[in-house]
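**Student:** sequence below, structure please.
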Amino acid sequence: DPRPIESSETRRDADAAIGLLRRYRELDAPFCLRLDFEGPHHPYMPPEPYASMYEPGAIAPWPNFGEDPATKPAAQQRLIEQRGVAGWTWADWQPVVARYFGFVSFIDAEIGRVLDALDALELSQTTVVIHTADHGDMTGSHGGQFNKGPLMYDEVCRVPLIVRDPRVQGGGVCRAPVGSLALMPTLLDLAGVPV
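**Tutor:** Below is the predicted model of the structure:
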């Protein structure tokens, strides 16, 4: 993306969230804020310095990159062909993956700005923050699969779910399977609102 960071949708969305946090702080009332970043979606075009943050040649192939699509269901080969990546080598994928990583880093930095605003506004000790995603991205895994789609590989289905609750000290990891459908009743419970 040739635009400066300040002109990107990602920055715009983070700035809007920070503006709302300031407003909520002035109101001194409970709030729920949902912030959805558009990325890291194809075509993976983060602004600089994120676009060139990762050296493509240094990115090793995924362990499953070498899978032969011909040994998979025909739908997988069709997806590779439909998306225009049939025959791509890892050298073709490396710049794509590098920009994907850069986009993830850009979003991470913007989430950091929002968390810093929560701290500055003295809201972090009373605010639960949840970060998740609607899907992952295959970025060349499983023999050159691209983006998301109807394939139920971990790269698409396993997404981050990070919860920061100021009432919980020390952190931890939940190894049990968790589904996104549990988020809404959990949020309502946190807010003391009936389903």
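
**Student:** mind checking the SS state of residue 32?
**Tutor:** When classified by DSSP: H, G, I helix; E, B strand; the rest coil, residue 32 comes out as coil.

**Student:** count the residues that sit near it.
**Tutor:** The number of residues packed around residue 32, counting by other CB atoms under 10 Å, is 12. C-beta: built from backbone N, CA, C; applies to glycine.

**Student:** can you give me the strands in the protein?
**Tutor:** Using DSSP state E, the strands of the chain run over 129-132, 161-164.

**Student:** buried set for the helix of greatest length in the chain?
**Tutor:** Counting residues, the longest helix found in the chain (DSSP state H) is helix 90-120. Of the residues in helix 90-120, 90, 93-107, 110-111, 114, 117-118 count as buried by neighbour count, 16 or more other CB atoms under 10 Å.

**Student:** on that earlier part again, dump the strands of the chain to CSV, plus distance to residue 84, mean pLDDT and mean neighbour count.
**Tutor:** Listed next are the strands of the chain as CSV, based on distance: least, CB to CB, whole Å; pLDDT from 0 to 100; neighbours: other CB atoms under 10 Å:
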stretch, distance to residue 84, mean pLDDT, mean neighbour count
strand 129-132, 30, 95, 14
strand 161-164, 32, 93, 14
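
**Student:** now tabulate these in CSV and tack on distance to residue 19.
**Tutor:** Converted to CSV, the strands of the chain look like this (distance: least, CB to CB, whole Å):
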stretch, distance to residue 19
strand 129-132, 17
strand 161-164, 21
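
**Student:** how about these, which one is nearest residue 3?
**Tutor:** Closest approach to residue 3 among the strands of the chain (CB to CB): strand 129-132, 24.9 Å.

**Student:** and that closest one, what does it pack onto?
**Tutor:** For strand 129-132, the elements it packs on are helix 90-120, strand 161-164, helix 183-191, judged by 3 or more CB pairs under 8 Å, 6 or more residues apart in numbering; DSSP states H and E.

**Student:** and it, how far out from the chain middle?
**Tutor:** Mean-position distance between strand 129-132 and its chain equals 10 Å (CA atoms, centre = their mean, to the nearest Å).

**Student:** got the CA coordinates for it in PDB?
**Tutor:** The C-alpha trace of strand 129-132 is given here as PDB (Å, rounded to 0.1, in the frame of the first residue of the first chain):
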ATOM      1  CA  VAL A 129     -10.100  -7.200  26.100                       C
ATOM      2  CA  ILE A 130     -10.700 -10.100  23.800                       C
ATOM      3  CA  HIS A 131      -8.800 -10.600  20.600                       C
ATOM      4  CA  THR A 132      -9.800 -13.200  18.000                       C
END
